[in-house]
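Chemist: generate a structure from the sequence data that follows.
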Amino acid sequence: MYNSKKQSGFTLVEIAIVLVIIGLLLGGILKGQELINSARVRNLADQNSGVQAAYYGFIDRFRQVPGDWLEADADAGIGVAITSPVAGANTGNGRIDEGSWEEASAVWEQLSKAGFIQGNYVGGGTAANYTDGTRAPINAFNGNLLLARSQDFLTADDVVSTTRRLSLVIGDNIPVKIARELDVKVDDSNPHSGILRLAPDTGGAVDFAPVSESTSANCVAAAGTTYDIATDAQNCNLVFLY
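Modeler: Predicted coordinates for the structure are as follows:
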């Protein structure tokens, strides 16, 4: 007997078209995320370049180290009111001292008020208030930058450095995949060597804890020479050595 009812459902051609559309959408989403990540990596690299240029430009203009220049003299030299650093044992010794939150925050105040970086930062920082949004610039992941002489970076086998160097902490909250991509882009891809190093995880013997620490202990693999992408850690911190 002849069946006059039409068959319901999709044809193979229609299913193929749907699958192609889904594939294009997924490909676009993944490509978009890749472009976003690449932009964030470039932003971190550009931030470092900008800070480095501002730091040395300030020294070239004023013959003083930003952050170390006593506020009374900086007032006159820059021509605007400066709040820190006030007179201290190491102020004016030609470097941004380890552990000195006042000098670390004064870096950004003096650089911004002299027109070398964007923003309007205030000095007088302490470990408790350095991250309040008025003391220092932030990275693309809302982590605080910090420029000072410190030991807050790793050497071989996850060992905290015993040698202090002028360095830029580029801030925590950085996913490990972004950290690795940045290291590949600007350095040697090793978290323990080169000009870009991983900051120690919480509890390390560092000068500017907690700002200069990695919140996650899973940013590097057990072998210690590669970033641990498998853990997908979201709170890594990196340090550029100057």
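Chemist: which residues in this protein form helices?
Modeler: 12-62, 71-78, 101-113, 176-186 (DSSP state H).
Chemist: any chance of those helices in TSV, plus distance to L241 and mean neighbour count?
Modeler: Placement of C-beta: from N, CA and C, glycine included. Converted to TSV, the helices of the chain look like this (distance: least, C-beta to C-beta, whole Å; neighbours: other C-beta atoms under 10 Å):
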stretch	distance to L241	mean neighbour count
helix 12-62	10	13
helix 71-78	26	17
helix 101-113	16	27
helix 176-186	12	20
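Chemist: which one of those helices lies nearest to R165?
Modeler: Ranking the helices of the chain by their distance to R165 (criterion: C-beta to C-beta) puts helix 12-62 first, at 13.4 Å.
Chemist: point out where this protein drops to low pLDDT.
Modeler: Applying pLDDT under 70 to the chain flags the ranges 1-10, 23-33, 35, 88-89, 203-204, 223.
Chemist: one step back: just put the helices of the chain in a markdown table and tack on distance to A156.
Modeler: Below are the helices of the chain laid out as a markdown table (distance: least, C-beta to C-beta, whole Å):
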| stretch | distance to A156 |
| --- | --- |
| helix 12-62 | 23 |
| helix 71-78 | 40 |
| helix 101-113 | 27 |
| helix 176-186 | 16 |
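Chemist: enumerate every residue touching the residue nearest to R180 when sequence neighbours are not counted.
Modeler: Closest residue to R180 apart from its sequence neighbours, by C-beta to C-beta, 6 or more residues apart in numbering: Y227 at 3.9 Å. Counting by C-beta atoms under 8 Å, 6 or more residues apart in numbering, Y227 touches 176-177, 179-180, 183, 189, 191, 198, 219-221, 236.
Chemist: spatially central residue in this protein, please.
Modeler: The chain has I170 as the residue nearest its centroid, 2.4 Å off, counting by C-alpha atoms, centre = their mean.
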